[in-house]
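Visitor: just need the structure, nothing else, for what follows:
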Amino acid sequence: DRTFATMHDSMFTVLKSATSRPYTLSVLYPLFLDEEQSIFYFLLLTIVTDVLLLQLVVAVANRQFRGFAREGFHTKLENREAALHAAFTLLKDDHLHVVGEATWEVAAERTR
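Guide: All right, here's what the predicted structure looks like:
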């Protein structure tokens, strides 16, 4: 059995055990038959990796989402500011009501 023959094999086994429950069971069972205390190692490994990996994944996802949400908010704010500026410029320059209804509809649509 080469699951723990070298340091490289051991690290690879730990990585596969942390990411795949069926693989963990296939590694654990033969070790459990040889040494019953090895189950404590795998229980501790499973709990720690689940907690740490879950927190890491949530932290990375949260950071990415906040970045995308912030960019989207700033883009919408800039578009709305430009649209409102254009609409008020049209309103200021429209003393004789020469701006057509279609132009106002376009300006109103951009402010949404």
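
Visitor: switch to C-alpha atoms for all contacts and neighbour counts from now on
Guide: OK.

Visitor: quick one: contacts for residue 45?
Guide: residue 18 (Cα atoms under 8 Å, 6 or more residues apart in numbering).

Visitor: immediately after the helix or strand hosting residue 17, which helix or strand?
Guide: Taking DSSP states H and E as the definition, residue 17 sits inside helix 7-19. Counting by DSSP H and E, the next helix or strand C-terminal to helix 7-19 is helix 21-34.

Visitor: list the contacts of that following helix.
Guide: 3, 16, 17, 18, 38, 39, 42.

Visitor: any buried residues in it, and which?
Guide: 24, 27, 28 (16 or more other Cα atoms under 10 Å).

Visitor: and what of stretch 42-52?
Guide: 42, 46, 49.

Visitor: okay, those in a markdown table with distance to residue 75 next?
Guide: Compiled in a markdown table, the buried residues of stretch 42-52 are given as follows (distance: Cα to Cα, whole Å):
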| residue | distance to residue 75 |
| --- | --- |
| 42 | 48 |
| 46 | 43 |
| 49 | 38 |
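
Visitor: now, those that are in helices?
Guide: Among those, the members found in helices (DSSP state H) are 42, 46, 49.

Visitor: where's the first one relative to residue 30, distance?
Guide: Going back to what we said before, that points to residue 42. Distance of residue 42 to residue 30, computed by Cα to Cα, to the nearest Å: 12 Å.
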